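Visitor: 3D, please:
(3 chains)
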Amino acid sequence: MISVVAGVVGALLLSAGLLQGATNPWQGLFTATRGAQIWLHLSPGTSVAQLRSQVGGIQAVAGPYQATAATVAQGSQRTRVELRATPSLPQVGRPLQVSGGWLTPRTPYGVVLEATFAQAIHIGVGDKLVLDNVDETSRLTVPVVGIAETADQGFYPDQTPGLIWVLPGLLRRIEPDTGHTEEVVGLRIANPAADGFIVQQVVTQLGSSAVGGISTWQQVEQSMARRNPLLGLLLALFGLMALGAALLAIINVTSGRVLIRNADLGMLKALGFTPAQVMVVLTAEHAILAGVGVLAGLGAARLLMPVLLGTVPGVSLASAALPGGWTAVIIGATFGAVLLATAAPAWQASRVRPVAAVRALPPRGHLSRLAGTAMAARMPPAVVLGTRAAFVRKLAAALVISGLAIPMLMITIGLGFWSTLDDVQHNPADIGLAASVTVSPGTLTPAQAGRLIQADPQIQAAYSCVRAEALTLGETTTITTLGMGTSARPYPFHVVAGQLYHAPEQAVATQALLTALHLSVGQFVRMWFGGVPVTFHIVGRIIDPQYDGEVLAYGRDTLADEGAPTPIGFYSLILRPGVSPAAAVTRLTRESDGRLDVAQVPNPADQLGIVHVALASLIAVLAVIGLTSLLTASLLGQRDHQRDVTVLRVMGLTPVQVRVALMMRTTVLGLVAVAIGTVAGRLVSMELVNAVSRLYGLGAGLGRPPSAGTLALAVALAISVAALAGILPPGPSSRMPAAAVLGP
Amino acid sequence: MKMPLLALLAKEPAHGYELKSQLEQIFGEAYPAPNIGQIYVTLQRLERDGLVRSQDVVQATRPNKRVYELTDVGREAVVEWVDKASDGPRVRDEFFMKLALSQLAGTSDQLGLINRQRRHYLAQMRSLSELAASADRSVPRLLIEGAMLHLQADLDWLQRCQEELV
Amino acid sequence: MIGAGDRLLLRAAGLTKTFSGDGVRVPAVRGVDLSLRHGEFAAITGPSGSGKSTLLHLLGGLERPTGGEIWLDGARVDQLSQARWAVLRRRRIGFVFQFFNLVSNMTVADNVELAALMGGSNRKQAADRRRELLGELGLAAKADTAPARLSGGEQQRVALARAMANRPALLLADEPTGNLDSAATFSVLRLLARAHADGQAILLVTHDSRVASAADRVISLFDGMVADDAPLGAAGGAAQASEMPLPRVLRLRG
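Guide: This next block holds a predicted model:
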């Protein structure tokens, strides 16, 4: 029992931690780095010494640190960075070292890179970095002495520029003109909810002209959270169901254990223990076992987390740390489950008279007609007997079946999620990401850019696009709309309802946008582009995760026709199959001598490596849970079976038949449970994904069923384990000498 | 009293007091202490019946003692007595005597003795069963049942003897 | 001797069984020779620890002998595998234990019918046989009861019905009347007598002299060996045949 509790607790903690790392890494990082909730970018020379006394609620001030913009050159690639001078390791907002060491005077030009940035530009400790200042008037090659994480800002490349910590000497060398620098200050406040209020007060105190930029923890957290809240919710649901199933397993194994100990309890009472004392003994014993199990689980989780995270780059131990609340919930729930599972049987056992034996009562009726007919029809008697025996204790059978069906259901759902993820990863077109590369002309003329793109053999199709801000009535902010391709040659969105735009003034939109504007497919909407009104006819609904899922798209010729200004133009490129986006980016950059602004369209699914790990560990938990149900059933069944075995032998069952009968108990229950779980799971998984994605405005159509092969494998495994559980643990009495079983 | 004395004499000739002390030694508390007078009376009867003969032995410092020994007839009687299965409620004692003395008498092996007795009991039990099946009034049936219970007890005791003595 | 012909149904020669475990060796059966004709009824008596139950288990194939041979109807069986023994026990050998004779999760009727079905009867035959046997034993009313609800004696009788369901050539029983009162003992004896009259060979272990006396032959076991093996009734004192066999107690005193 200890191992089961340990396994469940450990797996739950691991999964929760991984989920946390997948969906909300900010919290862990913030706690580990003793972060600052507010970051200010101020003009150089602004004094912040009086801030703490002037504005209430500030616990600590980080900085001010001098910072300047610079560029990192890698070949022809140029990346913008922020150099921040930190003379010593900060106390507030302390970067978390991942590898290498911190800045030391011994290496005056050494730099420490922020982790996600370092990963993005493929630079590690020991490499050399080429730094240019903004004017490109000075260039330095510096060694990278360390890599660290921070909760100050979001992950690169969502958040640019990349962050590099340097010593003040290097900063002055790169940018001697303080006029081109700014001050970065971090504020750690007592009440995180009051950040807006405090920001107002600080700005008032310092003067708005001194404040260049402000970011609060909510923005950072939001930015760090993976783009798919959809996924977060799905996984949370999944995790909750896993918790439920875990508790069910613990209940199963605990009450099974109590039931088996019935004879001992009778002894205790015969010795003179009162019913209350018996209950106390039982509860205490199981609470202790649970406690040991929980400790073991905690230890295992702590040991295994780094190992698991090693398989997923980009997520640190800190970001996968569980807030104390979650851990307490998991441990509390486990204890609760154990106590609950002990209480009921313990109470019943303490009431049972010392001598009475708790035996299974046979079903009414003569050899239950079915079994009898089966036997007479020469079906193997062992199979019939075993199947019958499985259902003698109806309640126990129901418990076992549910104890196995629920995990099976969830494993099937989990596999469904997995194949949905895989689909999103490999077919980004299905979530609207047909194009994997976007190109802006940069320093080339549009014509030059266009020629270059046409000439590139790796590109299958290129669509000329524009991005335009539009205003609608009743909205205070602008909506980003996209003119993708032309009405004659529209961008191949993934249309889930209606159709794509084929004529001017036709448009498609995402569910989120439709909901936000209170529209539906078929209706008309009027928008203003720089004062020019355009009326769109919504002809279809698409899925697109960009721009928070709120997208309105149409042919760019619509804007031109209406005389609306067409601002930012770019190209969306669809690559030939088999061409990797990274390769295309490199090639285009090279072809244009770095003057084309080439970027990869981030595929949200690429960030989901950790989700695969989380899913896998959850599936493992569920497998363990199902196994414990089976083993408990097997143990109880064996106890019933042992005495009957000798009688069956005498009636003429061979040892093989006896073993088969024993196996059939769990196998039959397993078959029923697996069938229920798999069928229900397959039905539910797609519905679940579609329901949640509808909720998030992505509309239905994302869900994928679990892959048939994997499901078949899982089913086969489950049934084999069920069969094997019937004859484990060893102790089959099919060969035991009858005398040993019967007594003197 | 007759048969035990004969059985004792089967071992060697003895006079009255020796027989008395032998009886006391063998049976101890379980058997009422034999009266010396009763012994002499029995011995005289045995001699009258021709099973023993007596002889006066002259002793120097003490009065003469009369020593008894088995005749051939007497010896035969002992053998027959031991070999024959015993009957009746006092069977136990008689049988036990036989068992205890048979070694001395050198007449038969103990195991055989026990086996024969058991077979006899079982045969009796069978007769009783048959009788019980045909009994239609409760009084005779109860009597028969009583007898069967006694027999069962005897058989159990026989088993105990076998465990202890053989 | 009552019986169909002189061919031996069961023959055991030099049977020994020694249990070894935890460094201790317990010789339960130390060289037993035994034979039983077809249709013969023999009882085995002896004190507890004499090896009676073990001997019976050996003869029923539930234990493998350490030494010696067992022949069933002319064929050597002591070295058979458990599977082959199982087949033998379906039709040719019926076995009644001292305890735990019934499958606990089936009703009384199911237990008996299962045995019949295992022996090859169809449902109707099985049900008929069950009714016949339970009726003989006075247990017809308890047909639908769970074994756990029966008294020890009732369980034992049902077990007998179970063992006899297929009219086996050899019936082995270990203390079949151990827990019974005299009325129940009587009904068991009646059933056994009837089976015996039908030609069934019976070998049973018993403490009860009433039961033993019903047999043709009594085998007395002591300390793992046969102490006595004699037919009842005629011998054991042929000299007494003429005498009144009744004990003196029956002659009414008074």
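Visitor: and residue A:148, helix, strand or coil?
Guide: What DSSP: H, G, I helix; E, B strand; the rest coil gives for residue A:148 is strand.
Visitor: same check, this time on residue A:565
Guide: coil.
Visitor: now the closest residue to it other than its chain neighbours: how far from chain C?
Guide: The shortest distance from residue A:565 to any non-neighbouring residue, by C-beta to C-beta, 6 or more residues apart in numbering or on different chains, is to residue A:530 (4.6 Å). All C-beta spots, glycine's among them, are computed from the backbone N, C-alpha and C. Relative to chain C, residue A:530 is positioned 84 Å away (C-beta to the nearest C-beta, to the nearest Å).
Visitor: Neighbours of residue 126, how many?
Guide: No chain was given, so I picked chain A. A count of nearby residues for residue A:126, using other C-beta atoms under 10 Å in any protein chain shown, gives 10.
Visitor: That was the other one, I meant chain B.
Guide: 19.
Visitor: Now do the residue nearest to residue A:565, the pLDDT please.
Guide: pLDDT recorded at residue A:530 is 73.
Visitor: same thing with residue A:95?
Guide: Predicted confidence (pLDDT) at residue A:95: the value is 87.
Visitor: and it, how many residues sit next to it?
Guide: The number of residues packed around residue A:95, counting by other C-beta under 10 Å, is 23.
Visitor: give the contact list for the nearest residue to it once chain neighbours are set aside.
Guide: Nearest residue to residue A:95, sequence neighbours excluded (C-beta to C-beta, 6+ apart): residue A:148, at 3.7 Å. Contacts were defined as C-beta atoms under 8 Å, 6 or more residues apart in numbering or on different chains; by that measure residue A:148 touches A:95-98, A:102, A:112-115, A:165.
Visitor: out of those residues, who's nearest chain C?
Guide: Relative to chain C, the closest of the contacts of residue A:148 is residue A:98; by C-beta to the nearest C-beta it sits at 60.2 Å.
Visitor: With only the CA atoms kept, save the helix or strand containing the closest one in PDB.
Guide: Using DSSP states H and E, residue A:98 sits within strand A:96-100. C-alpha atoms of strand A:96-100 as PDB (Å, rounded to 0.1, in the frame of the first residue of the first chain):
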ATOM      1  CA  LEU A  96      18.600  32.400 -11.500                       C
ATOM      2  CA  GLN A  97      21.800  30.900 -12.700                       C
ATOM      3  CA  VAL A  98      21.200  28.000 -15.100                       C
ATOM      4  CA  SER A  99      24.800  27.400 -16.200                       C
ATOM      5  CA  GLY A 100      28.200  29.000 -16.000                       C
END
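Visitor: contacts for it?
Guide: When contacts are defined by C-beta under 8 Å, 6+ apart, strand A:96-100 is touched by residues A:29, A:32-33, A:112, A:115, A:124-126, A:144-150, A:316, A:318.
Visitor: what's the burial count for residue A:595?
Guide: Residue A:595 - counted by other C-beta under 10 Å - has 15 other residues nearby.
Visitor: pretty sure it is in contact with residue A:440, am I right?
Guide: No. Counting by C-beta atoms under 8 Å, residue A:595 sits too far from residue A:440 to count as a contact (10.5 Å).
Visitor: one step back: compute the distance between the residue nearest to residue A:565 and residue A:446, please.
Guide: Using C-beta to C-beta, to the nearest Å, we find residue A:530 at a distance of 20 Å from residue A:446.
Visitor: Name the residue of the stretch 51-200 of chain C with the shortest distance to chain B.
Guide: Using C-beta to the nearest C-beta, residue C:182 is the residue of the stretch 51-200 of chain C that sits closest to chain B, at 7.4 Å.
Visitor: What ranges does chain C have for its strands?
Guide: C:8-21, C:24-37, C:41-45, C:67-72, C:75-76, C:93-96, C:170-174, C:201-205, C:217-222, C:225-231 (DSSP state E).
Visitor: Need those strands in JSON lines (columns: distance to residue A:543, mean neighbour count and mean pLDDT).
Guide: Formatted as JSON lines, these follow (distance: least, C-beta to C-beta, whole Å; neighbours: other C-beta atoms under 10 Å in any protein chain shown; pLDDT from 0 to 100):
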{"stretch": "strand C:8-21", "distance to residue A:543": "72", "mean neighbour count": "17", "mean pLDDT": "90"}
{"stretch": "strand C:24-37", "distance to residue A:543": "78", "mean neighbour count": "18", "mean pLDDT": "90"}
{"stretch": "strand C:41-45", "distance to residue A:543": "86", "mean neighbour count": "25", "mean pLDDT": "94"}
{"stretch": "strand C:67-72", "distance to residue A:543": "79", "mean neighbour count": "18", "mean pLDDT": "93"}
{"stretch": "strand C:75-76", "distance to residue A:543": "79", "mean neighbour count": "10", "mean pLDDT": "90"}
{"stretch": "strand C:93-96", "distance to residue A:543": "73", "mean neighbour count": "27", "mean pLDDT": "90"}
{"stretch": "strand C:170-174", "distance to residue A:543": "77", "mean neighbour count": "25", "mean pLDDT": "93"}
{"stretch": "strand C:201-205", "distance to residue A:543": "82", "mean neighbour count": "24", "mean pLDDT": "94"}
{"stretch": "strand C:217-222", "distance to residue A:543": "88", "mean neighbour count": "23", "mean pLDDT": "92"}
{"stretch": "strand C:225-231", "distance to residue A:543": "90", "mean neighbour count": "18", "mean pLDDT": "90"}
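Visitor: can you tell me which of the ones you listed comes nearest to residue A:179?
Guide: Smallest distance to residue A:179 across those (C-beta to C-beta): 95.2 Å, for strand C:8-21.
Visitor: for the stretch 51-200 of chain C, what are the low-confidence residue spans?
Guide: Low-confidence segments of the stretch 51-200 of chain C (pLDDT under 70): C:100.
Visitor: give me that answer again for 50
Guide: The stretch 51-200 of chain C contains no residues with pLDDT under 50.
Visitor: those helices in it, which residues are they?
Guide: When assigned using DSSP state H, counting those that start in this stretch, the helices of the stretch 51-200 of chain C occupy the ranges C:52-59, C:82-91, C:108-118, C:123-136, C:152-164, C:182-197.
Visitor: Among those helices, which comes closest to residue C:97?
Guide: That would be helix C:152-164 among the helices of the stretch 51-200 of chain C, by C-beta to C-beta, at 7.1 Å.
Visitor: CA atoms of stretch C:210-226 as CSV?
Guide: Extracted C-alpha coordinates of stretch C:210-226, given in CSV (Å, rounded to 0.1, in the frame of the first residue of the first chain):
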residue,chain,number,x,y,z
ARG,C,210,-21.1,-47.4,14.5
VAL,C,211,-20.0,-46.4,11.1
ALA,C,212,-17.0,-48.6,11.2
SER,C,213,-19.1,-51.5,12.2
ALA,C,214,-21.2,-51.1,9.1
ALA,C,215,-18.2,-51.8,6.9
ASP,C,216,-17.2,-55.2,5.6
ARG,C,217,-13.7,-54.6,6.8
VAL,C,218,-11.9,-52.5,9.4
ILE,C,219,-8.4,-51.4,8.9
SER,C,220,-6.7,-50.1,12.0
LEU,C,221,-4.0,-47.6,11.5
PHE,C,222,-1.4,-46.8,14.1
ASP,C,223,1.6,-44.5,13.8
GLY,C,224,1.5,-44.5,10.0
MET,C,225,1.3,-48.2,9.6
VAL,C,226,-1.4,-50.8,9.5
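Visitor: Stretch A:86-98: how far from the chain's middle?
Guide: Relative to its chain's centre, stretch A:86-98 lies at 29 Å (C-alpha atoms, centre = their mean, to the nearest Å).
Visitor: Could you list the buried residues of that stretch?
Guide: A:86, A:90, A:92-96, A:98 (16 or more other C-beta atoms under 10 Å in any protein chain shown).
Visitor: what do you get for stretch A:56-67?
Guide: Buried residues in stretch A:56-67, counted by 16+ other C-beta under 10 Å: A:58, A:60-67.
Visitor: quick check, nearest of those residues to chain C?
Guide: Nearest to chain C among the buried residues of stretch A:56-67 is residue A:60, at 71.2 Å by C-beta to the nearest C-beta.
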